[in-house]
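Participant: make a model of this:
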Amino acid sequence: MNAAVVADAEQRPVMRPMRIEDLDAVMVVERRAYPWPWSIGIFRDCLFAGYPAWVLVEGGAFIGHGVLSVAADEAHVLNVCVDPARQGRGYGRGLLRAMIDVARGRGACRVFLEVRPSNPVAVALYENEGFNEIGRRPRYYPTDKGREDAIVMAMELLAP
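Facilitator: Residues are numbered from 1 along each chain as shown. As a prediction, this is how the structure comes out:
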(Lines give C-alpha, C1' and ligand atoms only; values in the text may rest on other atoms or scores of the structure.)
Protein backbone atom coordinates (compact mmCIF):
# COMPACT_ATOMS: atom_id res chain seq x y z
CA MET A 1 0.00 0.00 0.00
CA ASN A 2 1.16 3.51 -0.73
CA ALA A 3 2.32 5.26 2.40
CA ALA A 4 1.05 8.60 1.07
CA VAL A 5 -2.50 7.23 1.05
CA VAL A 6 -2.48 5.26 4.30
CA ALA A 7 -2.39 7.69 7.19
CA ASP A 8 -4.17 8.78 10.31
CA ALA A 9 -7.93 8.52 9.71
CA GLU A 10 -8.53 12.01 11.09
CA GLN A 11 -5.83 13.64 8.95
CA ARG A 12 -5.86 11.84 5.61
CA PRO A 13 -7.86 9.24 3.74
CA VAL A 14 -7.27 5.62 4.66
CA MET A 15 -7.04 2.96 1.98
CA ARG A 16 -8.28 -0.47 3.00
CA PRO A 17 -9.49 -3.64 1.31
CA MET A 18 -12.97 -3.43 -0.20
CA ARG A 19 -15.61 -5.58 1.49
CA ILE A 20 -19.04 -6.73 0.36
CA GLU A 21 -20.67 -4.42 2.89
CA ASP A 22 -18.93 -1.45 1.19
CA LEU A 23 -20.64 -1.96 -2.15
CA ASP A 24 -23.59 0.38 -1.63
CA ALA A 25 -21.21 3.24 -0.75
CA VAL A 26 -18.87 2.28 -3.61
CA MET A 27 -21.81 2.47 -6.02
CA VAL A 28 -22.63 6.02 -4.88
CA VAL A 29 -19.12 7.16 -5.85
CA GLU A 30 -19.10 5.06 -9.04
CA ARG A 31 -22.40 6.60 -10.20
CA ARG A 32 -21.20 10.14 -9.43
CA ALA A 33 -18.02 9.61 -11.43
CA TYR A 34 -19.21 7.77 -14.54
CA PRO A 35 -22.15 8.10 -16.89
CA TRP A 36 -21.83 4.34 -17.50
CA PRO A 37 -20.84 2.95 -14.10
CA TRP A 38 -20.01 -0.62 -13.27
CA SER A 39 -22.92 -2.53 -11.77
CA ILE A 40 -22.90 -3.70 -8.18
CA GLY A 41 -22.79 -7.22 -9.60
CA ILE A 42 -19.47 -6.56 -11.33
CA PHE A 43 -17.94 -5.38 -8.06
CA ARG A 44 -19.41 -8.37 -6.23
CA ASP A 45 -18.01 -10.77 -8.85
CA CYS A 46 -14.56 -9.18 -8.55
CA LEU A 47 -14.59 -9.61 -4.78
CA PHE A 48 -15.79 -13.22 -5.00
CA ALA A 49 -13.06 -13.92 -7.58
CA GLY A 50 -10.49 -12.64 -5.09
CA TYR A 51 -9.36 -9.63 -7.12
CA PRO A 52 -7.42 -7.09 -5.06
CA ALA A 53 -9.83 -4.20 -4.46
CA TRP A 54 -9.67 -1.17 -2.19
CA VAL A 55 -11.71 1.71 -0.93
CA LEU A 56 -10.39 5.11 0.05
CA VAL A 57 -12.25 6.44 3.10
CA GLU A 58 -11.94 9.73 4.93
CA GLY A 59 -13.87 10.29 8.13
CA GLY A 60 -16.37 7.60 7.16
CA ALA A 61 -16.96 9.06 3.68
CA PHE A 62 -16.09 6.90 0.69
CA ILE A 63 -14.04 8.98 -1.74
CA GLY A 64 -12.60 6.42 -4.13
CA HIS A 65 -11.96 2.81 -5.01
CA GLY A 66 -9.82 0.59 -7.21
CA VAL A 67 -9.93 -2.95 -8.56
CA LEU A 68 -7.04 -4.98 -10.00
CA SER A 69 -6.69 -8.44 -11.47
CA VAL A 70 -3.41 -10.35 -11.38
CA ALA A 71 -2.79 -13.59 -13.25
CA ALA A 72 0.54 -15.25 -14.01
CA ASP A 73 2.96 -12.41 -14.72
CA GLU A 74 0.40 -9.79 -15.80
CA ALA A 75 -1.92 -7.42 -13.99
CA HIS A 76 -4.86 -5.39 -15.25
CA VAL A 77 -6.14 -2.21 -13.63
CA LEU A 78 -9.88 -2.74 -13.97
CA ASN A 79 -11.25 0.31 -12.16
CA VAL A 80 -9.82 3.46 -10.59
CA CYS A 81 -12.47 5.87 -9.38
CA VAL A 82 -12.44 9.02 -7.27
CA ASP A 83 -15.51 11.04 -6.36
CA PRO A 84 -15.61 14.00 -8.78
CA ALA A 85 -15.78 16.41 -5.83
CA ARG A 86 -12.40 15.04 -4.63
CA GLN A 87 -10.57 14.71 -7.94
CA GLY A 88 -7.37 16.61 -8.58
CA ARG A 89 -5.93 15.96 -5.10
CA GLY A 90 -3.75 12.93 -5.88
CA TYR A 91 -6.17 10.27 -4.66
CA GLY A 92 -6.39 8.52 -8.03
CA ARG A 93 -2.60 8.55 -8.31
CA GLY A 94 -2.34 7.02 -4.83
CA LEU A 95 -4.81 4.27 -5.69
CA LEU A 96 -2.99 3.56 -8.96
CA ARG A 97 0.41 3.40 -7.26
CA ALA A 98 -0.95 1.05 -4.60
CA MET A 99 -2.31 -1.26 -7.30
CA ILE A 100 1.03 -1.23 -9.12
CA ASP A 101 2.79 -2.11 -5.85
CA VAL A 102 0.42 -5.06 -5.33
CA ALA A 103 0.90 -6.21 -8.93
CA ARG A 104 4.67 -6.11 -8.48
CA GLY A 105 4.40 -7.93 -5.15
CA ARG A 106 2.39 -10.70 -6.78
CA GLY A 107 5.00 -11.22 -9.48
CA ALA A 108 3.51 -9.25 -12.36
CA CYS A 109 6.01 -8.08 -14.98
CA ARG A 110 3.58 -5.71 -16.68
CA VAL A 111 0.34 -3.89 -15.95
CA PHE A 112 -2.37 -3.09 -18.49
CA LEU A 113 -5.35 -0.75 -18.46
CA GLU A 114 -7.88 0.85 -20.78
CA VAL A 115 -8.85 4.51 -20.76
CA ARG A 116 -11.21 6.68 -22.75
CA PRO A 117 -9.49 9.07 -25.20
CA SER A 118 -12.13 11.59 -24.10
CA ASN A 119 -10.60 11.53 -20.58
CA PRO A 120 -7.34 13.46 -21.12
CA VAL A 121 -6.77 13.95 -17.38
CA ALA A 122 -6.69 10.17 -16.84
CA VAL A 123 -4.55 9.62 -19.94
CA ALA A 124 -2.05 12.21 -18.64
CA LEU A 125 -2.01 10.58 -15.18
CA TYR A 126 -1.27 7.15 -16.64
CA GLU A 127 1.44 8.51 -18.93
CA ASN A 128 2.98 10.41 -16.01
CA GLU A 129 3.06 7.19 -13.98
CA GLY A 130 4.90 5.32 -16.76
CA PHE A 131 2.16 3.78 -18.89
CA ASN A 132 2.50 3.85 -22.68
CA GLU A 133 -0.16 3.43 -25.34
CA ILE A 134 0.16 0.02 -26.97
CA GLY A 135 -3.04 -0.11 -28.99
CA ARG A 136 -6.75 0.61 -29.25
CA ARG A 137 -9.89 -1.40 -28.59
CA PRO A 138 -12.45 -0.25 -31.15
CA ARG A 139 -15.89 0.72 -29.86
CA TYR A 140 -15.04 -0.39 -26.31
CA TYR A 141 -16.89 2.23 -24.24
CA PRO A 142 -20.51 3.38 -24.55
CA THR A 143 -21.19 7.06 -25.24
CA ASP A 144 -24.27 9.22 -25.72
CA LYS A 145 -23.82 8.87 -29.47
CA GLY A 146 -22.75 5.24 -29.77
CA ARG A 147 -19.34 3.84 -28.84
CA GLU A 148 -15.84 5.16 -28.18
CA ASP A 149 -12.52 3.36 -28.65
CA ALA A 150 -10.35 2.57 -25.65
CA ILE A 151 -6.70 3.43 -25.47
CA VAL A 152 -4.87 0.33 -24.25
CA MET A 153 -1.88 1.22 -22.11
CA ALA A 154 0.83 -0.89 -20.49
CA MET A 155 3.66 -0.45 -18.04
CA GLU A 156 6.62 -2.76 -17.66
CA LEU A 157 7.44 -3.39 -14.01
CA LEU A 158 11.00 -3.45 -12.81
CA ALA A 159 12.01 -5.41 -9.77
CA PRO A 160 12.03 -3.26 -6.62
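Participant: where exactly do the strands run in the chain?
Facilitator: 14-17, 53-58, 61-71, 74-82, 110-115, 132-143, 146-156 (DSSP state E).
Participant: any idea how far residue 92 is from residue 80?
Facilitator: Distance check for residue 92 against residue 80: by Cβ to Cβ, to the nearest Å, it reads 6 Å. (Each C-beta comes from the backbone N, C-alpha and C, glycine too.)
Participant: anything in contact with each of these two?
Facilitator: Shared contacts of residue 92 and residue 80 (Cβ atoms under 8 Å, 6 or more residues apart in numbering): 64, 122.
Participant: centroid-nearest residue for the chain?
Facilitator: By Cα atoms, centre = their mean, the mean C-alpha position of the chain lies nearest to residue 80, the distance being 2.0 Å.
Participant: hey, what's that one bridged with?
Facilitator: Using DSSP bridges, the bridge partners assigned to residue 80 are residue 66.
Participant: okay, the angle between the longest helix belonging to the chain and strand 74-82?
Facilitator: Criterion DSSP state H: the longest helix present in the chain is helix 91-105. Taking axes from the mean of the first three to the mean of the last three Cα atoms, to 10 degrees, one finds that helix 91-105 is oriented at 160 degrees with respect to strand 74-82.
Participant: what packs against helix 91-105?
Facilitator: strand 14-17, strand 53-58, strand 61-71, strand 74-82, strand 110-115, helix 120-128 (3 or more Cβ pairs under 8 Å, 6 or more residues apart in numbering; DSSP states H and E).
Participant: how about those in CSV, adding distance to residue 38 and mean pLDDT?
Facilitator: Formatted as CSV, the helices and strands packed on helix 91-105 follow (distance: least, Cβ to Cβ, whole Å; pLDDT from 0 to 100):
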stretch, distance to residue 38, mean pLDDT
strand 14-17, 18, 95
strand 53-58, 11, 96
strand 61-71, 8, 96
strand 74-82, 6, 97
strand 110-115, 13, 98
helix 120-128, 16, 96
